[in-house]
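Enquirer: give me coordinates for this.
(chains A, B, C and D)
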Amino acid sequence: MKRIKFLLFVSVLVLALGVSSLGVMAADKPPVVIGLQGPITGAAAVEGEMAKRSVEIAAQMINEKGGILGGRMIEIRVADDACQPKAGALAAMKLLSQKDVVASIATYGSSVTQPASDIYEKFKKVNIAYGATVTGLTERGLKYFFRTCGRTDTQGAFFANEVVPLFNAKRVAIMHDNQTFSLGLAEDTVKVLQPKIDAGEVELVYFDAITPGESDYTVPLTKLRETNPDIFYFTGYFPEAGLIVRQARDIGITAVFVGGDAAINEDFIKIAGLEYAAGCYQTQEALIEYFTNPEAVAFKEAYMAKYNTLPSSPWSVYAADALCVLAEAIDKSGSTDSDVIADYLRNKMENFPSITGPIGFDEIGDRVGTGINLYVVNADGSFGIYGK
Amino acid sequence: MKIILEQLLNGLTIGSFYALIALGYSMVYGVMKLINFAHGDLFALGSYLGYTLLVFGSTYATVTFGIWGGMIAAMLIAAIGIGIAGTLIERIAYRPIYSVGRLPAVVSALGASIVIQNGIMVVWGPRPQAYPANVVPSTVLNVAGMRITLMQVIILLISFMLMGLLYYIIQKTTFGAAIRACALDRDTAALMGINIETIIFFIFALGPALGGMSGVMVGMYYRKISFIMGWNYGLKAFTATILGGIGNIPGAMLGGLLLGVLEMLGSTYLSTAYKDVFVFLVLILVLIFRPRGLLGEKVAEKV
Amino acid sequence: MKLNKSIKEKDSIFKNWLIIIAVILFIILPFIINTYWVDVLFFFGVYALLGLSLNIVLGEVGLFDLGHMGFMAIGAYATAILNTTFGIPIIILLPISALAAGAFAWLVCSPIIHLRGDYLCIVTIGMGEIVRLTLNNNPFGITGGPNGVFGIDFPSLGSIFVIDNSTKFYYYIWLIVGLTIFGLVNLQRSRIGRAWNCIREDEVAAESTGIDVRSYKLLAFVLGAGLAGVAGNIYATKLMMVSPESFNFMESCMLFCIVLIGGMGSIPGVLIGAAAISLFPEFFRTFAQYRMLIFGAAMIVMMIFRPGGIWPRKRGAVKFESLLMKAGEENG
Amino acid sequence: MAKENNNMETMIRTKQENEEINKINKVVLQTDKLTKKFGGLIAVNNFDLKVSQGQISSLIGPNGAGKTTVFNVVTGIYKADGGKVLFKGEDLAGKKPHQIIKKGIARTFQNIRLFSNMTCLENVMAGQHCRSEEGTWTSVLQTPGQRKEELEIKRNAEKRLKQVGLWKWRDELAKNIAYGNQRMLEIGRALASNPDLLILDEPSSGLNDKESEDLIIFLKSLLKENLTILLIEHDMNVVMGISHWVTVMDEGKKIAEGSPEDVYSNPQVIEAYLGKDEEEEE
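Expert: Sure thing, here's the model as predicted:
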């Protein structure tokens, strides 16, 4: 009996010592933990993986410069949301249940961001989306929700106001894939286009959805061909875009093909074949390879050095941007309190030089000023900004 | 009119893929009374097998057999590969549980489907892959003002040839009679001296082989293949099988072609977004009035 | 005296000490684990409820239903739309979503209930897909298309008691699961449950024994759908949003597996199956892309070694005592 | 067997009721020009059958004569293509099997159709489905009324199980008991619905001689419960041993009917059916 008591005493002592020493160690510059929520598995796993890499590179860059808040390092905690709403809610809870997570970079898909941002809001944690572009997201009056990516209506407006006049197009065909992002972009485009349609300047001759994941789109395309469009805007993703371009050309659609920002990348060219892909256009958020500001150059060098390639989509770089603004907000405001960070982001951050250029946020949490450009696939398979 | 004909041809092309895959479902179901949920994924695996062959062996194949020869070679090799994969799945996932009833086999089949699908993802990656461009001639024929691709014609030809061949085997040969006997009553067939093992081996090789071949054709025609395509095609082909009457070989062919045409009609005259709703509604209506599919025999339950 | 005996026989399952320990553990669990795992257990509860609801159709009656998520979607969307558009409190919508899903099931299943086995299977698949696609296409602008409907309130009793955090949601779902189990165990031990099992065993014999096969099949569908509607309601309020992609065919297949992995018609089996399906991916998340591969292989191995499920329903395990006067006499 | 069961008040109709029924019609079941076709095949052709109250009637005939089809039409599994089925003077046309058993016709099947994965007790309890009425909600809540009814069902089931001699197998799954016992269980399940008319489709097939004899005694004992029995039978010993009335059927038509002795000596019957038997025996 005595021995048990003794053992108990010793173990309590050891435990107490251990805890206190941990406490001492923790006091000595604990890392600032930032959560990253993204699709590590599932259909959008590629994006999640790139986001993880980009954010880690950005963290590495900040840490190499000596961290924030006087030498505290940044640590990234990744939670997988598989691009599904339920898994997204779980991932948000996973990050929130770790008390040392200061803020979260969340997340890629719009339909996942919706429940996740509600949860973050409830727990009062700043969360910055990097791929969720659906217009309505920021219009819900959330206090802690921001995004470094643009909104679909900016892109839609760009297409309606810049691209359509550029090609002197009168007859516009728009096709989407009935998923959150794609439908949003298509609808926002029509919204901006509406005054011109009413004025009789342009005509919306085709507006319909295809089912993603199929292979044969000749049937809807034949229907589209009969409307005889000048310009054909496809707002869906690259696997379908590649098929659609080829099948459209095969059945004799000659209209200018413009893809949304998810439509065109290297895989698009592979699927469509270069002879079909060349001369296709894309309204695109800023692609990292065309940036020349010092922050972007540094990021590109670090990324190249580690992975020998560049992120192929803009979204992962926006995730890195999110980390940069968070680090800046925490560092400048000197606090890891959510209210302070949110206040700093919303009211005090202006033209902060981040990787994709200067960043500020407006009243509802949208990024001020994102550059959308018209890219074109060149005959050799490379991308270029049209007109440059 | 021209448009309708052109669309009809488009519908038939999709339908012939469905029909080829549906044959696999129907043959397995006919004899085993089992829905081989992994069949769609075997089709996808066939597509990837063909892809790998064409990417790494395209120059060799094209030099040896000519451009069309290379294609045929890829199809044959994929067919053999998937035939083997089909029998392997039967051995591993189905054979140990035949005796305990049908439902465990459904779970096992779903498991096999998940394994194949994710196996493809692990091996070939989650991104969609594209068939090499040089084996796919994209000649467009102009027939009476209609634009038809050469590939489309070839696919229809090959599909109908394969279907005809299968129909001949099942309906006209002794071996086919044995298969039909097994489908009617496996125990009696066994008593009559039919080797059930051989029959099972044959249907689990031939069904997936047809699926594998159509996988290669889908790859060559559309170029894009992805690891989840098995689910899409599988579900549609299964629908086609039921539409025609499961276990019925001509029914599967009819169901597949009809489904393709129905999809075409749905997306042309309704909306593309409601196409699948339309297809499933037609299916349900058909089943309400013909509970065993279009060509399914009316079986009075023996009491 | 006689009555007591039969009650004793019925209650013995509840008196199992294992069950008591499990219940106590479940009650104190939220105080031990972190909120993430509380949430995981919440979704386990949702799957358990869905599994129980499908178990009525598939396990008890033996009807192949691969579109069960469609019923859940109806419940979830009924909740979402009525709450966001008309501001009806969630607590009122809980029975309404059950009714909506049940009524939908009755409506669509009436004409197809005579179909057998695989034909019924494909029709339920089609029905589930029709629901999902229709929701996705935003008919009359009420379902919000692929975005779904968001901004759903929390369940609350007036403003006094609001279920707004993970722990409360956890107790909420498991309370409902508990009530459901209580009701279903009672059903299993009644003439209704027997009639369902008879239909599963032999439809013709069941009909000849006096069971209205058609009505009882429909009843199973309606009850199962109603429970799925309840699950949809809770799911929608937890996520505060609904979107069509949550109700796809793959999810329906997973529900199917819950019932079969656990054991057809076995309520503890369904709980185990739901645990397997909902917890497995969380434990194996670190394996990333190999996770589903392992999962699929586990399903096959499972069926090879335990084709009847992990915890099949045991019949006749409770010895039935004589109720007649000459109790001691065997074989009349 | 049944002798020892004294408390049959619940099952047996009062004399008064019986007399009333007899007044209306001595014939319990009657088919009138019954016809059933499968495609081009006429399985039952203008078939008339009479089953009298309180008797054991047999339907015999060579294989494929259409006997089972007659049963299936009578019990509502098949729909008649022509003619009528009258039960206690009531036309059963358009009635479904579950409605017909409620009217008082219970049946067994040629190839035993039990609920294999349910216990013997549950099988017999299921037999009382049409005589009980508690609904879904009372079952979910287990109201006192529901409990009482359930208890009554169990009590009756026990009685019937004892009657067919299977009480000791009550907790066994039906598929696990011996073949002869399965036959008896199926009869027990049919009896559990307290029928007026019991239709048995080859009850002695697959039974050994001893079991057949027991069956004959058992069936005779049932008559004391004021049951009427109609059976299809191949075993001539059974037919001759217990039938009051025999109807012979060949190729869908009735070729003879009468007492067993009459039928046995009818030349047409010998030619169509028994004649072959004799040849085989020689």
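Enquirer: tell me the SS of the residue of the stretch 51-200 of chain A found nearest chain B?
Expert: Nearest residue of the stretch 51-200 of chain A to chain B: residue A:178, at 5.6 Å (C-beta to the nearest C-beta). Where C-beta positions appear, they are placed from N, C-alpha and C, glycine not excepted. What DSSP: H, G, I helix; E, B strand; the rest coil gives for residue A:178 is coil.
Enquirer: with residue A:257 instead?
Expert: Note that with three-state DSSP, the state of residue A:257 is strand.
Enquirer: that one: what's it in contact with?
Expert: A:232, A:234, A:245, A:248, A:279, A:280, A:281 (C-beta atoms under 8 Å, 6 or more residues apart in numbering or on different chains).
Enquirer: test of understanding: give the bridge partners of it.
Expert: residue A:232 (DSSP bridges).
Enquirer: burial count for residue C:86?
Expert: Number of residues near residue C:86 (other C-beta atoms under 10 Å in any protein chain shown) recorded here: 8.
Enquirer: residues contacting the residue of the stretch 51-200 of chain A closest to chain B?
Expert: With C-beta under 8 Å, 6+ apart, residue A:178 has these contacts: A:209, A:210, A:211, A:212, B:273, C:136, C:137, C:145, C:146.
Enquirer: how close does it sit to chain D?
Expert: Noted for residue A:178: a distance of 40 Å to chain D, by C-beta to the nearest C-beta, to the nearest Å.
Enquirer: chain D: which of the contacts of residue A:178 is nearest?
Expert: Nearest member of those to chain D, counting by C-beta to the nearest C-beta, is residue C:136, at 34.0 Å.
Enquirer: hmm, the closest one is touching residue C:146, no?
Expert: Yes. Here residue C:136 reaches residue C:146: they are 5.6 Å apart, a contact under C-beta atoms under 8 Å.
Enquirer: need the residues touching each of these two.
Expert: A:178, C:244.
Enquirer: can you tell me the closest non-neighbouring residue to residue B:31?
Expert: Sequence neighbours aside, residue B:182 is the residue nearest to residue B:31 in space, at 4.8 Å (criterion: C-beta to C-beta, 6 or more residues apart in numbering or on different chains).
Enquirer: for that neighbour, helix, strand, or coil?
Expert: Following three-state DSSP, residue B:182 is assigned to helix.
Enquirer: so it makes contact with residue B:33?
Expert: No. Contact criterion C-beta under 8 Å: residue B:182 and residue B:33 do not qualify, at 10.7 Å.
Enquirer: who's more crowded, these two?
Expert: Each of residue B:182 and residue B:33 has its neighbours counted (other C-beta under 10 Å); residue B:182 has more, 25 against 16.
Enquirer: which stretches in the stretch 151-300 of chain C count as helices?
Expert: C:166-188, C:191-201, C:203-208, C:213-239, C:249-262, C:267-283, C:291-305 (DSSP state H, counting those that start in this stretch).
Enquirer: what is the third one packed up against?
Expert: Secondary structure elements in contact with helix C:203-208, counted by 3 or more C-beta pairs under 8 Å, 6 or more residues apart in numbering or on different chains; DSSP states H and E, are helix C:191-201, helix C:213-239, helix D:97-103.
Enquirer: hang on, isn't residue B:158 packed against residue B:217?
Expert: Yes. The pair residue B:158 / residue B:217 is scored as a contact, 6.7 Å apart, by C-beta under 8 Å.
Enquirer: shared neighbours of the two, which are they?
Expert: In terms of C-beta under 8 Å, 6+ apart, residue B:158 and residue B:217 are both contacted by the residues residue B:75.
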